[in-house]
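*Asks:* pasting a predicted model and its sequence here:
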Amino acid sequence: MPVRSRLPLIAGALLLAFSGVRFVTGIFVTSDTPAIGWLPLPLMCLLTSCTCWQTSRHPGLDAATRRFWRHVMLCCVVLAGACIGNAFDAFAVPGDIQHIGPVTTALYLGILGFAVWALMRLPAWQRSRTEWIRFGLDTGIILITTGVLVWHFSLSRTEAWTAQTGSAVPTLAVAMVASVSVIAFTKVAFAGTGGLDRRSMHILSLGTGMAAAAGASMPLFAARPQLNTVFIAVPIATFAAQLAAHRQTSVSAAEPVERPVSRRFSVVPYLAVAGMDAMLLGADLTASVEGKLIAGGTVAITALVVIRQITTLRENNRLLSTVDANLQQLRGYQAQLAHQIRHDTLTEIANRANFEEQVTGRLSDGENFLVALLDLDDFKVVNDRLGHGTGDALLKAVSRRLHDRLRAQDVVARLGGDEFTLLLPNLSDDEAAAVLGRLIATVQEPILIDGHEMVPRLSIGVTASQIGDTPGELLRRADVAMYAAKNAGGGRWAWFDPAMDRLADQDARLGADLRQAVSRGELHVVYQPIVELPDGRIAGVEALLRWRHPEHGDVSPAVFIPLAERNGAIIEIGRWVFEQVVTQAAAWQHEYGAAAPGRVSVNVSARQLREPGFVAEVAAAITAAGVNPALIVAEVTETAVLGTGAALDAVHGLNALGMRVALDDFGTGQSSLSLLVDVPVDVLKVDKSFVDGVTSTSPQAVIVDNLIGITAGLRIQAVAEGVETADQAERLHQAGYRYAQGFFFARPMSGADLGKLLQPGPVPA
Ligand code: C2E
Ligand code: MG
Ligand code: MG
């Protein structure tokens, strides 16, 4: 810090030292020039005003702090006036320099009052009603204590002085008000207020306190009428203010530090009572006025402290009840949180963690129980087609149905997505079969959600607990069984069988190989003719995929197609097949013209249909091959398009491209004749299982007979699949079928071999 900015402080220190030395020597030596004592006072006041003024203009300080220092500056200016007034009072009564006139007293009181007011304008002083009451009570306590103390130790002992100066009241009043301002400074220092420096407040508080004590001790110097304690009181007070203002500017650059509110100050009332009690013990209560004063003061202070105590107690009670209410609320939140941690937010049933915890508990108790894993078939489609809101509503409805169907000791939990799990204790195998059968029947009842009628389908895998199991292992086994139930067509339940694990292992290995099959060139497409009845002329072909595995040889499509659908490889494989097929169709067209197959069918799985962008990909492949889309038939299964939005949309999309659509394996899935209206069907492929019984008097034969009538009415071509004998072909022709496919006519063959059949000539039987 530059020395120049310290000059006022150095000057203040010198003036204080001068006043101090002069006062102390004045005690022992009578001065010839008592007037000199007054000279430094206005000077010091003005010096301090300058320092405070500089502080009040410091740009690093906030507005409230700057305003406070402006107020202190004003106090110092007025104090300069009061000192001059005091000097006049002193000279007005010759020989008694200790006299104070009423104007001077009023100025001193005004300055202190103004200081207290300035403190109260600080933001930290925005207090509650109770705090104001407490401050009022503290002020009362301090006023009485200071009054009695000053009276007892100073004024009462020097009647001569009182007689000399006229009245003790001014000194008493100034001392009392000064102590109130000390309290105010100290309170602010303890509470802390924004940018106002606490240490500066302590310095101010100390300076005012010392000045008040010096002022109040004036009667003790009655024997030295050329001395006035103002000579030392004012320099102490002003130098303290100067120091404080100086410190404020030097720390303003630092960030204000938030400190916890100190409660030390609350001992002051008790100290006051103790002090008064001590005086009471030493006082002669009966005779003297002073004794009565002390007794009265003690009673008053005790009363104030009691009131203060009651106020504090009431405040504490109020705070305690607030804390109680907050605690109550907190407990509520805690309970809510504990519930949330253990429950699924959507369905409100137990969540995975909760379920695993219960399974662990029962396993360690050595209990026997069953764990079932439930999965909704085609739930993804509901979400994709009808939105997540409807999907969520379906999950809630399913969880309610499960919950309602179970016994009190059973646990139902949601693992996530459309997966639920059950913990079923004390059930024999037969009972479990009955329970699971009922569960499936209940969940699969039609339900109306957001105006959509849905028929949820549920697959369940179930396993029994064994010694050494973990929740993870139990869920894994239930999951394997659940997949077996799904592979078997879904809408059913299956016990876990260790053989499933082996199958699952094989599945996983084969699945991994399948992903490489396209790039390794292990796949090829064969074509099976679809012929006209009765002459057997080739009307079209169906493309069928083959996989020659390097180790296992030919793998049946019945094995690898479902596998590819499960692991997603069907997307890439299906794309490759489609490209092969359209290229082949274009080649036949080019080579054989009118003799080329009029229809080329390609199988499209549900998974492909649901894939976003599938229709666009098909369109691109058709364009790239330069083939007429009307030649290409997409064979889709009933289950793929039944009630499933994205797949149905894709089928409409294919139709819009100009392609034909065939409903494959008709009669094996959840056949619904309404499908023939909803789906733009051109061809209906009656499944082999019906064709097999066509020559007998079986119900299949009746269905085969009736189906032809329906297809004719709807202008749909019917193709009989899996024709193996001449009798079947004959019987189908009689029933009205004009198209058929089967080993009786031709087996699937390579594109080149099929090309040979397209040469003019008879089709080999
Ligand atoms: P699908 O679409 O119903 O195909 C007809 C199946 O019946 C073929 O079996 C064919 O070889 C067989 N078949 C034809 N005539 C007879 C017969 O007279 N008797 C007997 N027993 N079977 C006959 P394949 O090639 O094993 O294909 C099985 C299934 O695999 C197909 O049934 C189809 O659903 C699927 N698939 C085949 N290739 C593809 C493909 O490229 N993509 C997709 N997504 N699925 C395919
Ligand atoms: Mg087919
Ligand atoms: Mg078929």
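*Replies:* Thanks, I have it. Ligands and ions are numbered 1, 2, ... in the order given.

*Asks:* how about the contacts made by Phe140?
*Replies:* That one is not Phe; residue 140 is Gly. Neighbour list for Gly140: 300, 304 [criterion: CB atoms under 8 Å, 6 or more residues apart in numbering]. Every C-beta, even on glycine, is put in place using the N, C-alpha and C of the backbone.

*Asks:* got the phi/psi numbers for it?
*Replies:* Here is the backbone geometry of Gly140 (degrees, to the nearest 10): phi -60, psi -50.

*Asks:* okay, buried residues for stretch 273-289 please.
*Replies:* Neighbour counts over stretch 273-289 (16 or more other CB atoms under 10 Å) mark 273, 275-276, 279-280, 283 as buried.

*Asks:* now, which of those residues sits nearest ligand 3?
*Replies:* Here the nearest of these to ligand 3, counting by CB to the ion, is Val273; it sits at 104.1 Å.

*Asks:* before we move on, back to that, and the buried residues of stretch 273-289 as JSON lines, adding pLDDT and distance to ligand 3?
*Replies:* Conversion of the buried residues of stretch 273-289 to JSON lines gives the following (pLDDT from 0 to 100; distance: CB to the ion, whole Å):
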{"residue": "Val273", "pLDDT": "79", "distance to ligand 3": "104"}
{"residue": "Gly275", "pLDDT": "79", "distance to ligand 3": "108"}
{"residue": "Met276", "pLDDT": "78", "distance to ligand 3": "109"}
{"residue": "Met279", "pLDDT": "76", "distance to ligand 3": "114"}
{"residue": "Leu280", "pLDDT": "75", "distance to ligand 3": "114"}
{"residue": "Ala283", "pLDDT": "70", "distance to ligand 3": "119"}
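
*Asks:* for the residue of the stretch 451-600 of the chain found nearest ligand 3, name its beta-bridge partners.
*Replies:* Distance from ligand 3 to each residue of the stretch 451-600 of the chain (CB to the ion) is smallest for Glu542, at 8.2 Å. Beta bridges link Glu542 to Gln528, Ser601, judged by DSSP bridges.

*Asks:* hmm, Gln528 and it touching each other?
*Replies:* Yes - applying CB atoms under 8 Å, one finds Glu542 in contact with Gln528, separated by 5.1 Å.

*Asks:* which residues does Thr347 contact?
*Replies:* Counted by CB under 8 Å, 6+ apart, Thr347 has contacts 395-396, 399, 414.

*Asks:* between these, which has the most around it?
*Replies:* The member of those that has the most neighbours, counting by other CB atoms under 10 Å, is Arg414 with 26 neighbours.

*Asks:* which strand or helix spans that residue?
*Replies:* According to DSSP states H and E, Arg414 maps onto strand 411-416.

*Asks:* likewise for Ala718?
*Replies:* strand 717-720.

*Asks:* show me what that strand is packed up against.
*Replies:* Counting contacts by 3 or more CB pairs under 8 Å, 6 or more residues apart in numbering; DSSP states H and E, strand 717-720 is packed against strand 683-686, helix 699-713, strand 739-740.

*Asks:* of the ones you listed, flag the one that's most buried.
*Replies:* When the helices and strands packed on strand 717-720 are scored by mean count of other CB atoms under 10 Å, the highest mean neighbour count falls to strand 683-686 (a mean of 24).

*Asks:* Phe414 contacts Val398, doesn't it?
*Replies:* Just to correct that, residue 414 is Arg rather than Phe. No - with contact defined as CB under 8 Å, Arg414 does not count as touching Val398 (9.4 Å).

*Asks:* domain ranges for this protein?
*Replies:* With automatic domain parsing as the criterion, the domains of the chain are listed as 3-123+196-253, 350-496, 511-751.

*Asks:* nearest to Arg318, of the ones you listed?
*Replies:* Distances from Arg318 to each of the domains of the chain were compared using CB to CB; the minimum, 23.6 Å, belongs to domain 3-123+196-253.

*Asks:* picking that back up, and the residue of the stretch 451-600 of the chain closest to ligand 3, what is it in contact with?
*Replies:* Taking CB under 8 Å, 6+ apart as the definition, contacts of Glu542 comprise 527-528, 530, 601-603, 635, 741, 748.

*Asks:* if you set the cut-off to 10 Å instead, what comes out?
*Replies:* Neighbouring residues of Glu542 by CB atoms under 10 Å, 6 or more residues apart in numbering: 526-530, 581, 597, 599-603, 633, 635, 662, 664, 685, 719, 721, 741, 748.

*Asks:* if we can go back for a sec, columns mean pLDDT on top of the helices and strands packed on strand 717-720, output as CSV?
*Replies:* As requested, the helices and strands packed on strand 717-720 are exported to CSV (pLDDT from 0 to 100):
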stretch, mean pLDDT
strand 683-686, 94
helix 699-713, 89
strand 739-740, 97
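
*Asks:* among the ones you listed, which comes closest to ligand 1?
*Replies:* strand 683-686 (6.8 Å; CB to the nearest ligand atom).

*Asks:* neighbours of Leu304, just the number please.
*Replies:* Applying the criterion other CB under 10 Å, we find 23 residues in the vicinity of Leu304.

*Asks:* how much space between it and ligand 1?
*Replies:* Computed with CB to the nearest ligand atom, to the nearest Å, the distance linking Leu304 and ligand 1 is 95 Å.

*Asks:* and whichever strand or helix holds that residue, what does it pack against?
*Replies:* For Leu304, the host element (DSSP H and E) is helix 289-342. Using 3 or more CB pairs under 10 Å, 6 or more residues apart in numbering; DSSP states H and E, the elements in contact with helix 289-342 are helix 129-153, helix 268-282, strand 350-351, helix 352-364.

*Asks:* how about the residues of the stretch 551-700 of the chain by ligand 2?
*Replies:* Along the stretch 551-700 of the chain, the residues adjacent to ligand 2 under the rule CB under 5 Å from the ion are 603, 635, 664.

*Asks:* so which bits of the protein are right by ligand 2?
*Replies:* Near ligand 2, the residues belonging to the chain are 603, 635, 664 when assessed by CB under 5 Å from the ion.

*Asks:* just the buried residues of the strand holding Arg414, please?
*Replies:* Judged by neighbour count (16+ other CB under 10 Å), strand 411-416 contains these buried residues: 411-415.

*Asks:* same check, this time on stretch 12-29
*Replies:* When neighbours are counted by 16+ other CB under 10 Å, the buried residues of stretch 12-29 are found to be 12, 15-16, 18-19, 22-23, 26.
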